[in-house]
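Chemist: Got a sequence here, can you model it:
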Amino acid sequence: MIDEPLISIIITYYNKKLFIDQTLQSILNQSYKNYEIIFVFDDNNKADLKYIRKKLSKFKKKKLILNKKNLGAAKSRNIGIKNSRGDYIAFIDSDDKWKKNKLYNQLKFMKNNSLVFSFTSYSLIDEKDKFIKERNVCMDADYESLMKSNYIGLNTVMVSREIKSFLNFPKLRTQEDFALWLRLARKKIKLSHLKTNLSYWRKTKNSLSSNAIHKIIDAFKLYYKYEKKNFLFSIYSVIVLSYNKIHNNYFLKN
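Modeler: Numbering: from 1, shown residues only. Model prediction:
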């Protein structure tokens, strides 16, 4: 690839020392090398900071941002976005991993098709790296289908700086990425899928993203407060969302 635009990789960190080395190593292993790391340290406990600094020393282009207090993933990602310089922005959580050609293949796909937003298929793994299942995306995302199911994995997303002004994660404990995708879909931004599996999403026992109660509460807030649906429709939408999640909805193929 002759033209090698800079990709900003946004990572937020909170109590994930057990997995962060694998996450960072998967970035170091990327075949595409023109990227910068925007690492937002969001842990009140600074015990891991020395370890993080050591791991980040391996990267040529990086920025370590220390939050004065725990702000949560949404605000931390927003801080990372504001500090990014890249032509493209990619997201990865501090317990997930990418395959070697993730950045190269996705960037090529976006440039060849003049896209501003893309997401890909991904694999689910557990805390011991054991494969759980594969989630194959089979369609682009639009508002109507996303309202029924969030089939866009955060760590598979890459966006162009052209839509940077729209990238603002709302203040939710979970579902914050889902809320952002819905907002972009409402603005008629094309959310394009690449079927190739390029990422690993890690399911952990104690993560907020795995907490069903928090996800149900935040899903209701998302529909009622952010999407401004009425009370009954919001309840109905939460039920549909939960059903599709449990039954491996038809927007994803296992």
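
Chemist: Averaged pLDDT, stretch 80-100. What do you get?
Modeler: Summarised as a single mean, pLDDT over stretch 80-100 is 98.

Chemist: Just the buried residues of it, please?
Modeler: 80-81, 84, 86-99 (16 or more other C-beta atoms under 10 Å). (Glycine included, C-beta is placed from N, CA and C.)

Chemist: Could you export it as PDB, keeping only the C-alpha atoms?
Modeler: The C-alpha coordinates for stretch 80-100 follow below in PDB (Å, rounded to 0.1, in the frame of the first residue of the first chain):
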ATOM      1  CA  GLY A  80      -8.800   9.600  23.300                       C
ATOM      2  CA  ILE A  81     -10.700  10.700  20.200                       C
ATOM      3  CA  LYS A  82     -10.000  14.400  20.900                       C
ATOM      4  CA  ASN A  83      -6.300  13.600  21.300                       C
ATOM      5  CA  SER A  84      -6.100  11.600  18.100                       C
ATOM      6  CA  ARG A  85      -4.200  12.800  15.000                       C
ATOM      7  CA  GLY A  86      -5.000  10.000  12.600                       C
ATOM      8  CA  ASP A  87      -6.700   9.900   9.300                       C
ATOM      9  CA  TYR A  88      -8.600   6.900  10.600                       C
ATOM     10  CA  ILE A  89      -9.500   5.900  14.200                       C
ATOM     11  CA  ALA A  90      -9.800   2.300  15.500                       C
ATOM     12  CA  PHE A  91     -11.000   1.100  18.800                       C
ATOM     13  CA  ILE A  92      -9.900  -1.800  21.000                       C
ATOM     14  CA  ASP A  93     -10.600  -2.600  24.700                       C
ATOM     15  CA  SER A  94      -7.700  -3.600  27.000                       C
ATOM     16  CA  ASP A  95      -8.700  -7.200  27.100                       C
ATOM     17  CA  ASP A  96      -9.400  -7.800  23.400                       C
ATOM     18  CA  LYS A  97      -7.100  -8.800  20.500                       C
ATOM     19  CA  TRP A  98      -6.600  -8.200  16.800                       C
ATOM     20  CA  LYS A  99      -5.500 -10.600  14.100                       C
ATOM     21  CA  LYS A 100      -2.200  -9.700  12.300                       C
END
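
Chemist: residues near the residue lying closest to Asn101 once chain neighbours are set aside, how many?
Modeler: Setting aside the residues directly before and after it, Asn101 is nearest to Ser31 in space (C-beta to C-beta, 6 or more residues apart in numbering), at 5.2 Å. The number of residues packed near Ser31 is 12, by other C-beta atoms under 10 Å.
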